[in-house]
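1. predicted coordinates and the sequence they were generated for:
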Amino acid sequence: MTLLYLALAYLFLLVLAVNYGSVYDYAIKKGYEGFKYRLISLIPIFGYLYFKNKEALIEVSDRELKHLVSFEILGKRTALYALLVFVSILILVPISFLLVTAVNNSLLQTMFTVYAIIISFMLHQGLVVDYASKKGYEGIKPGLVGLIPVYGFIYYNNQPKRRNVSKQAIREVFKISSILQKILVYGQITLVAVIVIVPVIYIFGMAFSNLRTDIPNQIWPDTPSWESFRFLFEETNFKRWYWNTLKIALINMTVGTVLITGAAYVFARFSFKGKKAGLLTILVLQAFPSFMGLIAMYVLFWKFGLLGEPTYLSILYIGGSIPGNLWLIKGFLSQIPKDLDESAMIDGASKFQIFVRIILPLSVPILTFVAVSMFMGPWMDYLLPGYLLRFKPAGAAPDYDITQQWTLAVGLFKFINDINYRHYSAFAAGALMVGIPITILYMLFQRYLIEGIMAGATKG
């Protein structure tokens with residue numbers, strides 16, 4: 001029965017939305033715009049009859065008016081509004097449920113109150129900045145003044161205009177539609193910020209909680225402690241795990257990027273027999289997940305005596321990253337005009353000189369993106385090292401400590417999975433230490449990473 005009511009409500013809202021869109025478009029064609037006519041358009045049947053009997057204020061043909069209510073236009077409008085209404089229901093139903101629940105839940109009431117205050121604060125600042133911009137005041141100052149409640153409007157209301165702007169243009173800033181748009185945007189930004197920031201704060205709080213067997217039930221501890229960091233560095237092989245992972249990541253980044261770039265350059269700039277078949281084969285290989293070859297990887301490492309040797313994991317990481325990254329770089333290199341190569345060859349440059357002096361400098365964005373991606377891979381991977389590093393290396397002594405060959409993913413996972421190693425705060429502290437090199441790389445190469453992502457999205 002509940003599903004029936006939901007279906008009926010969905011159909012009702014869909015009919016109402018299609019009616020409103022069609023009637024208001026009809027009204028606009030005849031020259032009637034504004035809040036009053038929007039309200040009239042909401043009334044089924046009456047709205048259409050009302051505007052049909054009104055005289056057109058602008059020149060419009062009967063054919064154009066009939067086209068608005070044709071089967072083709074109504075079909076497209078219905079399909080679009082059906083999706084929009086469905087998405088709106090998916091968003092509004094959970095929010096409504098939370099609001100109803102918040103009536104009897106003090107914690108949810110506090111969260112909603114704080115959320116509303118943050119949105120109001122951001123809305124005030126945004127309106128002040130827009131108001132100041134209309135009067136000719138731009139830059140950092142309006143943003144800072146807008147942070148002061150109420151005073152921001154008073155300050156810029158008393159300031160003289162720096163540009164010729166009408167009162168109507170200033171009123172546009174405070175239109176209901178403009179304010180609603182800002183509320184939706186700031187509401188989404190605030191929600192995303194909370195979803196991202198709260199877990200990060202929780203990880204920091206867990207790292208300073210010094211909890212071994214219990215998961216903390218509060219975001220920040222009452223008595224922060226460095227004990228978990230001391231435990232990591234003094235009672236475990238964390239430094240060794242860190243060095244093993246960093247070494248693999250650096251080899252993966254440098255050697256892998258060089259090999260893949262060279263192969264991609266060959267596929268992008270040279271013509272040879274089997275080129276198309278080779279590219280398609282590489283593309284097919286990309287579709288298979290790496291764990292499908294786990295047994296084969298184990299046998300190869302076992303036969304070559306590489307089990308328990310973390311450095312040699314870079315061979316598998318480099319091999320596994322070739323298909324996707326080769327296509328990515330090849331697509332970017334194919335966009336570089338071949339006229340540059342021909343001009344350089346006329347001036348006497350060799351293929352190698354063209355590659356080093358022309359192709360590589362132009363490919364910095366995509367190469368940076370690939371290099372950082374390959375650097376990040378070993379830090380996040382547990383499957384390969386967890387399987388191949390649980391064996392002692394060939395010729396190891398009987399009292400050999402197997403934990404010294406682990407990577408960070410293997411070692412940290414033990415803190416939450418193995419009862420003999422369990423230490424939740426140490427896991428959180430280690431996770432923070434893992435984020436340091438990745439964060440530094442992102443900060444250093446942020447501009448190139450954005451350009452590389454955009455470049456990788458284009459068709460090669």
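-> Now that the structure is in, tell me what you want to look at.

2. average pLDDT across the helix or strand harbouring residue 327?
-> Using DSSP states H and E, residue 327 maps to helix 313-334. Mean pLDDT, helix 313-334: 87.

3. tell me the mean pLDDT for the next helix or strand after that helix?
-> Using DSSP H and E, the next helix or strand after helix 313-334 towards the C-terminus is helix 339-346. On average, the pLDDT along helix 339-346 is 85.

4. tell me which strands and helices helix 339-346 is in contact with?
-> helix 351-354 (3 or more C-beta pairs under 8 Å, 6 or more residues apart in numbering; DSSP states H and E). For the C-beta atoms, the positions are set from N, CA and C on the backbone; glycine is no exception.

5. tell me the buried residues in the helix it packs on?
-> Residues of helix 351-354 classed as buried by neighbour count (16 or more other C-beta atoms under 10 Å): residue 354.

6. need the next SSE after it, C-terminal direction.
-> Taking DSSP H and E, what comes next after helix 351-354 is helix 360-362.

7. residues contacting that next one, please?
-> Residues from elsewhere that reach helix 360-362 (C-beta atoms under 8 Å, 6 or more residues apart in numbering): 261, 336, 367.

8. try 6 Å this time
-> For helix 360-362, the surrounding residues in contact (C-beta atoms under 6 Å, 6 or more residues apart in numbering) are residue 336.

9. quick one: low-confidence parts of the stretch 51-200 of the chain?
-> For the stretch 51-200 of the chain, residues meeting the criterion pLDDT under 70 lie at 98, 102-103, 107.

10. please enumerate the helices of it.
-> Using DSSP state H, counting those that start in this stretch, the helices of the stretch 51-200 of the chain run over 62-68, 71-102, 106-134, 140-145, 151-157, 167-173, 176-207.

11. mind listing what's buried in the last one?
-> Residues of helix 176-207 classed as buried: 182, 186-187, 190, 203-207 (neighbour count, 16+ other C-beta under 10 Å).

12. next one: the first one
-> When neighbours are counted by 16+ other C-beta under 10 Å, the buried residues of helix 62-68 are found to be 65, 68.

13. restricting to C-alpha, output that helix in CSV.
-> This file holds the C-alpha atoms of helix 62-68, laid out as CSV (Å, rounded to 0.1, in the frame of the first residue of the first chain):
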residue,chain,number,x,y,z
ASP,A,62,-0.2,30.0,-33.9
ARG,A,63,2.2,27.3,-35.2
GLU,A,64,4.8,28.2,-32.5
LEU,A,65,2.1,28.0,-29.8
LYS,A,66,0.8,24.7,-31.0
HIS,A,67,4.3,23.3,-31.2
LEU,A,68,4.7,23.8,-27.5
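
14. how close does residue 439 sit to residue 407?
-> With distances taken as C-beta to C-beta, to the nearest Å, residue 439 is found 19 Å from residue 407.

15. so between those two, which is more surrounded?
-> Set residue 439 next to residue 407 and count neighbours by other C-beta atoms under 10 Å: residue 407 wins out with 28 against 11.

16. isn't the more buried one right next to residue 247, touching?
-> No: counting by C-beta atoms under 6 Å, residue 407 does not reach residue 247; the two are 9.6 Å apart.

17. right, and residue 209 touches residue 218 too?
-> No: in this structure, residue 209 is not within contact of residue 218 by C-beta under 6 Å, at 8.6 Å.

18. of those two, which one has the most company?
-> Under the criterion of other C-beta under 10 Å, the comparison of residue 209 against residue 218 puts residue 209 first, with 24 against 10.

19. tell me who's in contact with residue 390.
-> Per C-beta under 6 Å, 6+ apart, neighbours of residue 390: none.

20. show the pLDDT at it.
-> What the model reports as pLDDT for residue 390 is 85.

21. how about the one 4 residues further on?
-> Each residue has a pLDDT score; the one for residue 394 is 78.

22. again, but for residue 457
-> Predicted confidence (pLDDT) for residue 457: 47.
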